[in-house]
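> sequence first, predicted coordinates after that:
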Amino acid sequence: MGKKALIACAALFVLMAHASSSFSFEGPLAVKNQFPLFLHVNAPRLESAAVETSFSSGISYSSVYMVRNSATWSVGIDAELAELSLRYRKAFGPLEVGVEVPVLLFTSGVMDGFLSSYHKTFGFSDYGRSGRPANRFLYEVRRNGRTVIKGTTEDPEIGDIRFSTKYALRQADPVISIRADVELPTGDAKKGFGSGSLDAGAALLIDKKLGDKFKAHLNLGAVLPGDLKAYETVHLRDFLFAGAGIEAALWKNFSLLGQVMAQGSPFPRTDIGAIDRPSVLLVLGGRYVEGKDSIELSITEDPNTAGAPDVTFGLFYKRRF
């Protein structure tokens, strides 16, 4: 996917909206990095500083292609990944606690034909995807010739469950909070559904209104992962992340959102640039709000072509209490 697809997506959202004088801010889009090697290492997402009580569920669907080798590492990923995310958050005054349960499924995919046509039409690189059979599953990571991860498409499985806490240091504009979370090793690391270790993270969150119709969100944080414990144990590195986004409530019940998230690589140096370089997510989406309920659509690109899916589509529902 590219700039033209993002512009078309924005135009679709505009056509769905209708004008009004009332506005609602609901926070950033619920998007995190779906790259299989990074997803289970407490993958950060851009989040509002405001505390809330809510339940949300959503589907993320990603297409991932990376077949790269170095003197030590061999990484072969040609797959599509679906994640069902269930999240509950409860506010106690300025304190919020939450839990998130992911259910994951790797598939051989259905998007290869579309992506091939898309790349040919606009003259974009396909990263070597055309050299493999269409919709043929591959997920295998090897180090020094020994298997580290061997992915499977057999059944959906629970990934690593995340617990979080957030505390609002300031609830007037600008809202400022600190967040800490921990991810339990509940997913099967050998098959690519988890990390096999306890992962932790912390972040500073800031929300700032920019007039009546716009709101900015800023996150700065760090993740301290445990080791990847799969067929082989890999020592992972601490990494920093940063994200920013704009929420534009231009119509009644409807807003447009744009955001970017960057993170360092948790892996030791592999001499594979697409893993060693920082990964960047560029996200565009829209949200419809009716009373306490909201639904959002998003599309996510990887402008740095490193450590992120080629494209991710998201559909999320949230209810506030």
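Arrived safely.
> quick one: the helix or strand containing Val148 to chain centroid distance?
In the assignment (DSSP states H and E), Val148 maps to strand 146-150. Here strand 146-150 is found 24 Å from its chain centre; the criterion is CA atoms, centre = their mean, to the nearest Å.
> packing partners for that strand?
When contacts are defined as 3 or more CB pairs under 8 Å, 6 or more residues apart in numbering; DSSP states H and E, strand 146-150 packs onto strand 138-143. Every C-beta, even on glycine, is put in place using the N, C-alpha and C of the backbone.
> which stretches of the stretch 51-200 of the chain form strands?
54-69, 73-92, 95-107, 138-143, 146-150, 157-158, 162-170, 175-183, 199-209 (DSSP state E, counting those that start in this stretch).
> quick one: strands adjacent to the strand holding Val148?
strand 138-143 (antiparallel) (DSSP bridges).
> my guess is Met111 meets Tyr65, correct?
No: the pair Met111 / Tyr65 is not scored as a contact, 10.1 Å apart, by CB atoms under 8 Å.
> show me what counts as buried in the strand holding Val148.
By neighbour count on 16 or more other CB atoms under 10 Å, the buried set for strand 146-150 is Val148, Ile149.
> who's in contact with it?
With CB atoms under 8 Å, 6 or more residues apart in numbering as the test, strand 146-150 has contacts from 37, 139-142, 189-192, 228, 230-232, 234.
> just the buried ones out of those residues, please.
For those, buried by 16+ other CB under 10 Å: Leu37, Tyr139, Glu140, Val141, Arg142, Ala189, Lys190, Lys191, Gly192, Leu228, Ala230, Val234.
> how about a markdown table for those, with pLDDT and distance to Arg319 added?
Listed next are the buried ones among the contacts of strand 146-150 as a markdown table, based on pLDDT from 0 to 100; distance: CB to CB, whole Å:
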| residue | pLDDT | distance to Arg319 |
| --- | --- | --- |
| Leu37 | 96 | 33 |
| Tyr139 | 96 | 34 |
| Glu140 | 97 | 40 |
| Val141 | 97 | 38 |
| Arg142 | 98 | 44 |
| Ala189 | 97 | 33 |
| Lys190 | 97 | 36 |
| Lys191 | 96 | 33 |
| Gly192 | 96 | 31 |
| Leu228 | 98 | 35 |
| Ala230 | 97 | 37 |
| Val234 | 98 | 39 |
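> and of the residues you listed, the nearest to Leu257?
Leu37 (26.9 Å; CB to CB).
> hang on, Ala43 packs against Leu37?
No: counting by CB under 8 Å, Ala43 does not reach Leu37; the two are 10.3 Å apart.
> overlap in contacts, those two.
The contact sets of Ala43 and Leu37 do not overlap (CB under 8 Å, 6+ apart).
> just to revisit the earlier point, show me which of the contacts of strand 146-150 is closest to Gln263.
Leu37 (12.1 Å).
> mind checking which helix or strand that closest one is in?
Counting by DSSP H and E, Leu37 is part of helix 36-39.
> picking that back up, in TSV: the strands of the stretch 51-200 of the chain, plus distance to Ala262.
Formatted as TSV, the strands of the stretch 51-200 of the chain follow (distance: least, CB to CB, whole Å):
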stretch	distance to Ala262
strand 54-69	18
strand 73-92	21
strand 95-107	22
strand 138-143	23
strand 146-150	24
strand 157-158	28
strand 162-170	20
strand 175-183	18
strand 199-209	13
